[in-house]
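Undergrad: turn this into a model:
(one chain, ligands or ions: 2)
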Amino acid sequence: MKKIIAPSLLSANLSFLYRDIKMLNESEADWFHLDIMDLSFVDNISFGFSFIKNIKKFTHKPIDVHLMIVKPELYIKNFKDSGADHIHIHYEACYHLHKTIFLIKKYGLKVGVAINPHTSIFLLQDIINDIDFVLVMSVNPGFSGQEFIDNTYDKIKDLKNLILKKNSSALIEVDGGINLKNYFLVFKNGADILVSGSTIFSNSNPKNIIRKLKEIS
Ligand code: DX5
Ligand code: ZN
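TA: Ligands and ions are numbered 1, 2, ... in the order given. Modelled structure (predicted):
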């Protein structure tokens with residue numbers, strides 16, 4: 001399968017947002033990854049519904065929404081109406097994960113479950129056949145520009161084995177601290193999709209970085 005690159009707009013320059021959207025549209029990036037934070041699940045606040053709506057107006061690429069919020073089940077319709085194509089909810093933020101997964105599917109959206117660095121992949125075995133993606137956090141969520149946690153390599157391998165054992169079609173998406181030094185091993189261990197923020201947007205030639213990240217494909 002072709003590898004997927006999902007740049008995170010958390011690292012975009014919001015003073016020149018249209019320039020960055022245009023750059024992503026012209027690039028080999030596959031999806032737009034939007035990090036939604038509520039100052040409660042994480043110690044940061046980012047974008048709201050209108051931001052997603054405005055991004056949606058200017059791209060045809062899928063909008064991959066990563067909800068770092070408590071009680072995500074209350075806002076699924078709002079995110080769908082804003083233009084989300086995929087919604088990731090955190091395992092740690094859901095009392096009734098199975099119910100929320102099916103709520104997202106009811107709206108016709110693809111669904112992912114995100115797991116923090118301390119959360120075992122084995123906790124997903126009873127829902128792995130119900131979801132489209134597992135979003136493996138390779139940093140603690142909340143901020144871009146953090147260092148990749150090395151334990152993630154083993155986690156991806158274990159998750160890949162679980163997916164194969166269960167005959168699940170879930171794809172593995174890895175988010176946080178991805179750079180040109182580690183991306184190859186992350187893919188090699190079983191990742192299908194990489195999210196990248198600072199590595200792409202801090203470079204003077206972001207399209208070139210996106211092309212490099214896809215080189216393994
Ligand atoms: C962190 C976010 C990430 C972040 C990635 O909470 O989920 O998507 O923006 O940024 P980098 O690639 O800089 O770690
Ligand atoms: Zn994210």
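
Undergrad: so where's the protein shaky on pLDDT?
TA: Along the chain, the model assigns pLDDT under 70 to residues 1, 217.

Undergrad: which stretches of it form helices?
TA: Here the chain has its helices, by DSSP state H, at 17-26, 49-57, 76-82, 97-106, 152-165, 183-188, 198-201, 206-213.

Undergrad: burial of Asn129, as a residue count?
TA: A count of neighbours around Asn129, defined by other Cβ atoms under 10 Å, yields 12. For every residue, glycine as well, the C-beta is placed using N, CA and C.

Undergrad: what's the closest non-adjacent residue to it?
TA: Ser168 (5.0 Å; Cβ to Cβ, 6 or more residues apart in numbering).

Undergrad: which residues does that neighbour contact?
TA: Counting by Cβ atoms under 8 Å, 6 or more residues apart in numbering, Ser168 touches 128-129, 131, 162.

Undergrad: looking at those, which one is closest to Asp35?
TA: Ile131 (19.2 Å; Cβ to Cβ).

Undergrad: do you know how far the closest one is from ligand 1?
TA: From Ile131 over to ligand 1 the distance is 18 Å, taken as Cβ to the nearest ligand atom, to the nearest Å.

Undergrad: again with Lys214
TA: 15 Å.

Undergrad: right, and that residue touches Ala6 too?
TA: No - applying Cβ atoms under 8 Å, one finds Lys214 not in contact with Ala6, separated by 11.3 Å.

Undergrad: when those two are compared, which one has more neighbours?
TA: Legend: neighbour count by other Cβ under 10 Å for Lys214 and Ala6, higher for Ala6 (25 against 19).

Undergrad: in contact with the more buried one, which residues?
TA: Contacts here follow Cβ under 8 Å, 6+ apart; on that basis Ala6 touches 29-33, 64, 173, 193-196.

Undergrad: would you mind listing what in the chain touches ligand 1?
TA: Residues of the chain lying close to ligand 1 (Cβ under 6 Å from any ligand atom) are 8, 10-11, 33, 35, 66, 139, 141-142, 144-146, 175-178, 195-199.

Undergrad: run the last query once more with 5 Å
TA: Within the chain, the positions near ligand 1 by Cβ under 5 Å from any ligand atom are 8, 10, 35, 141, 144-145, 175-177, 195-198.

Undergrad: would TSV of those residues with distance to His118 be doable?
TA: Below are the residues of the chain next to ligand 1 laid out as TSV (distance: Cβ to Cβ, whole Å):
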residue	distance to His118
Ser8	21
Leu10	22
Asp35	19
Pro141	11
Ser144	20
Gly145	21
Asp175	15
Gly176	14
Gly177	16
Val195	19
Ser196	22
Gly197	21
Ser198	23
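
Undergrad: for those residues, which one is nearest Leu185?
TA: Closest approach to Leu185 among the residues of the chain next to ligand 1 (Cβ to Cβ): Gly177, at 12.3 Å.

Undergrad: in this structure the closest one contacts Gln146, no?
TA: Yes - in terms of Cβ under 8 Å, Gly177 counts as a neighbour of Gln146; the distance is 5.6 Å.

Undergrad: I am finished for the moment; much appreciated.
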